[in-house]
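Q: Here is the input, now give the coordinates:
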Amino acid sequence: MATMRLDKLLCDLGLGSRREVRDWIRAGRVSIDGTPVRSPELKLDPASCSVSLDGKALRYQVDHYYMMDKPVGVITATEDPAQKTVLDLLPPELQRLGLFPVGRLDKDTSGLLILTNDGDFSHRVTAPKAGVEKRYLAEVDGIPDADDVSAFAAGLILGDGTKCLPAGLECLGGGRCIVTVQEGKYHQVKRMLASRGKPVLSLRRLSIGALELDETLGPGGIRELDQQELCTVFLDRKPKTKA
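A: Numbers count the residues shown, from 1 in each chain. Coordinates of the predicted model:
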């Protein structure tokens, strides 16, 4: 790994502002390989050095990946002058990491959203050719039936001529159903169900690939994803078998 300035390394970790980390370094709170250093401009290779702050070892990583349970009423954007965005929900230390949402969820849609600063990863997840499945729980006005399931499987053509790839529809009884798509056209799930005369009342994303939403997070909750979980994004989700 190429060398980098010590103050930049601490900022990239989201520990504080450039001014704050410089003050910490000059105060002797930062050590490299056990030796306190006081020069913010010092260059080092994070891969070959052990850096600690107040005696606590720091793990440097370039790319960051987080799972959020996006709540209703928040827009999927990095900034907006009038409305609250998903980034506004982040604590200050995460707001400094340059995160952005992978794909989008409508303002009135909740559920699984991935935040990262890795553009290549984001493209791999959202590119239609990648075929990464997104799975939603929908409550609709009406009762989905076998004809709707067949229409989804065949690939719908919406009223404006938009062609949708074949998609999955699982009827759960009453007005509830599971929709599985491999693309992310504008308001796609809502428009697909509306085209079948089943307008959406509520929508929640449950999974991306085989990565399922951690329901313990609660609305607006967020946690870091580990490497094993990241790999599941690109795997097919296996249906759960009933006991």
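Q: From now on I want contacts and neighbour counts done on CA atoms only, so please keep to that.
A: Fine.
Q: tell me which element Cys171 is part of?
A: According to DSSP states H and E, Cys171 maps onto strand 168-173.
Q: Adjacent strands (with direction) for that strand?
A: strand 176-181 (antiparallel) (DSSP bridges).
Q: tell me the average confidence for the partner strand?
A: For strand 176-181, mean pLDDT is 97.
Q: helices or strands up against the next helix or strand after it?
A: Proceeding N to C from strand 176-181, the next assigned helix or strand is helix 188-195, under DSSP H and E. For helix 188-195, the packing partners by 3 or more CA pairs under 8 Å, 6 or more residues apart in numbering; DSSP states H and E come out as strand 200-208.
Q: picking that back up, so which residues make contact with the strand holding Cys171?
A: Ile143, Pro144, Asp145, Asp148, Val149, Phe152, Ala153, Cys177, Ile178, Val179, Thr180, Val181 (CA atoms under 8 Å, 6 or more residues apart in numbering).
Q: same deal with stretch 220-236?
A: 64-71, 89-90, 125, 132-133, 208-211, 217.
Q: Mind pulling up the pLDDT for the residue of the chain positioned farthest from its centre?
A: Most distant from the centre of the chain: Thr35, at 37.9 Å, with distances by CA atoms, centre = their mean. You'll see Thr35 listed with a pLDDT of 93.
Q: Would you mind giving the domain segments of this protein?
A: 4-58, 65-232 (automatic domain parsing).
Q: just to revisit the earlier point, distance check, the residue farthest from the centre of the chain against Thr116.
A: For Thr35, the distance to Thr116 equals 33 Å [CA to CA, to the nearest Å].
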